[in-house]
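Trainee: Need a 3D model of the sequence below.
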Amino acid sequence: MTVERGILIEENSTIADPTRPPNSRTISTRRAIGLRFAAAIRWLHIYVSMFGLAIVLFFSLTGVTLNHPDWFFGEFEQSTRVQGTIDAAWLGPRSTSNSTADSDEPSTGVDKLAIAEFLRAKHRLRGTVAEFRIDDEECTVTFKGPGYAADAFIGRADGRYQLTITDHGLVAILNDLHKGRDSGRAWSIVIDVSAIFLTFISASGLLLLFYLKRRRVAGLLIALLGAIAVGAIALAFTP
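Mentor: Predicted coordinates:
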């Protein structure tokens, strides 16, 4: 026990403080929980931002190249034309009837996989097969990838083909990746994950603002003004 100003106090006793509100312990607990929550959100905000930094920068910069392709040689195009012959057995039998045939009949016996893989290996084609059209006289195979296309026209009579390869350059590749055009399923998932990252970064930053009492009102007002400005521009200046 201790003696303070002539009053005997037991060390383990609890003495009510008349200046302390009755629910101060509850308030203190809520404050501690709030601070821990804010700390967790701040930690997530920082490290999710760092983890997604590269992809956020990519979509930010390609937003500019997409909007102004002429600034970055976006009109570049290089075409190459080649000829060759494939195994006519892959093209199947041709219809000789003059009557109206079923739409699937010309494709009978056509080995699409063998044709596509032969062209890919022979000419080092990129992308995936976006279209494979077949009629009685000709097969048309189209490969597409970001900033890239290759079109092969194959005669079914003799297996001779003409192939046109078009490469639109690096900026076109970046722009197509930004849009997800001809970029495959995996890149589509990357775009979705990037959208989730950006949403979380924005939402967590806004949430953290509520824990900054001195800047809370000003920050919310600026965010509101920004949203109003974007909406006003969209309504007033877009055709």
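
Trainee: correct me, but Asp136 touches Arg156?
Mentor: Yes: using Cβ atoms under 8 Å, Asp136 is in contact with Arg156, at 7.2 Å. Just so you know, the C-beta spots here come from the backbone N, C-alpha and C atoms, and that holds for glycine as well.

Trainee: what's the top helix by length along the chain packed up against?
Mentor: Of all segments of type helix in the chain, defined using DSSP state H, the longest is helix 24-51. Judged by 3 or more Cβ pairs under 8 Å, 6 or more residues apart in numbering; DSSP states H and E, helix 24-51 is in contact with helix 184-209.

Trainee: how about the helix or strand following the helix it packs on: buried residues?
Mentor: The helix or strand immediately downstream of helix 184-209 is helix 213-237, counting by DSSP states H and E. For helix 213-237, a neighbour-count test (16 or more other Cβ atoms under 10 Å) marks Gly219 as buried.

Trainee: Enumerate every residue touching the residue nearest the centre of the chain.
Mentor: Residue closest to the average C-alpha location in the chain (Cα atoms, centre = their mean): Ile191, at 1.4 Å. Contacts for Ile191 (Cβ atoms under 8 Å, 6 or more residues apart in numbering) come out as Gly180.

Trainee: now Ile189
Mentor: By Cβ under 8 Å, 6+ apart, the contact list for Ile189 is empty.

Trainee: From Ser60, how far out is it?
Mentor: From Ile189 across to Ser60, the span is 20 Å (Cβ to Cβ, to the nearest Å).

Trainee: Likewise for Asp158?
Mentor: Counting by Cβ to Cβ, the gap from Asp158 to Ser60 is 52 Å.

Trainee: can you check Leu125 too?
Mentor: 32 Å.

Trainee: Between these two, which has more neighbouring residues?
Mentor: Comparing Leu125 with Ser60 by other Cβ atoms under 10 Å, the one with more neighbours is Leu125, at 21 against 11.
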